[in-house]
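# requesting a structural model of the entry that follows:
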Amino acid sequence: MSRLSQYAAGNFAVSTYAFASATLSFSFYRYSIAVVSLFFFLLSAFNAQAQQSEPDQIDASVDQMVYAINKIRSTGCRCGRKYQGSVSPITWNNQLKQSSQDYALEMHKYKRFGHNGIDGSVVGDRVDAVGYFWQLAGENIAEGYGTFREVLDAWMESPSHCELIMDGRMTNVGVSKYGKYWTLHMAKPMPPGTKRSNVRYR
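Residues are numbered from 1 along each chain as shown. From the prediction side, this is the model:
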């Protein structure tokens, strides 16, 4: 059985995504900064417990995953009934790789599929926990897909998950798999010298 879920972020069964955003205000301090099933979430730090274990090997390389995502973003596509035009390419981010890996491991460890972590955290928290100071963050999750191509195709067939992948505001991505669980994190960082305020979810 395969499932999707999203939470600006994402989930596979299928569910929709929630989106987190924040406005910026300038400060004298420099802050280093968040959408499975498909869901977009922004929130505080998630305590990764799985640095003891190695994640499952994904059948595609980082370059292959980024190429596949950017090929879709560069040509545009239909997310459900809504056509999404081409958007700028996205780049790989190792912090988002870590946050997605931590959450895939948590879902595997607790056999718990959803965007709310065992401690109540959401995507913003998970991205904060690895030191990525986000302005926007989203999460797609999935369960039961064997290859990256399969899970990407499934996300693209789900309107809300597709919308996250096609969100032109997102600039960075990280993808991980642990056991049968997949997590994709996308985000945009806060500009240097700013701080986060007015955090919103959708």
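# which stretches of the protein form helices?
For the chain, the helices defined by DSSP state H cover 62-75, 94-110, 123-129, 148-157, 159-165.
# any idea which of these gets closest to residue 139?
Closest approach to residue 139 among these is made by helix 123-129 (3.9 Å; C-beta to C-beta). (Glycine included, C-beta is placed from N, CA and C.)
# now for the closest one, which elements pack on it?
strand 3-12, helix 94-110, strand 134-143, strand 181-189 (3 or more C-beta pairs under 8 Å, 6 or more residues apart in numbering; DSSP states H and E).
# if we go to 10 Å?
Contact here means 3 or more C-beta pairs under 10 Å, 6 or more residues apart in numbering; DSSP states H and E; on that basis helix 123-129 packs against strand 3-12, strand 20-26, strand 37-40, helix 94-110, strand 134-143, strand 181-189, strand 194-201.
# quick one, phi/psi of the residue lying closest to residue 83 once chain neighbours are set aside?
Nearest non-adjacent residue to residue 83, counting by C-beta to C-beta, 6 or more residues apart in numbering: residue 76, 6.9 Å away. Dihedral pair for residue 76: phi 80, psi 160, per degrees, to the nearest 10.
# lovely, talk soon.
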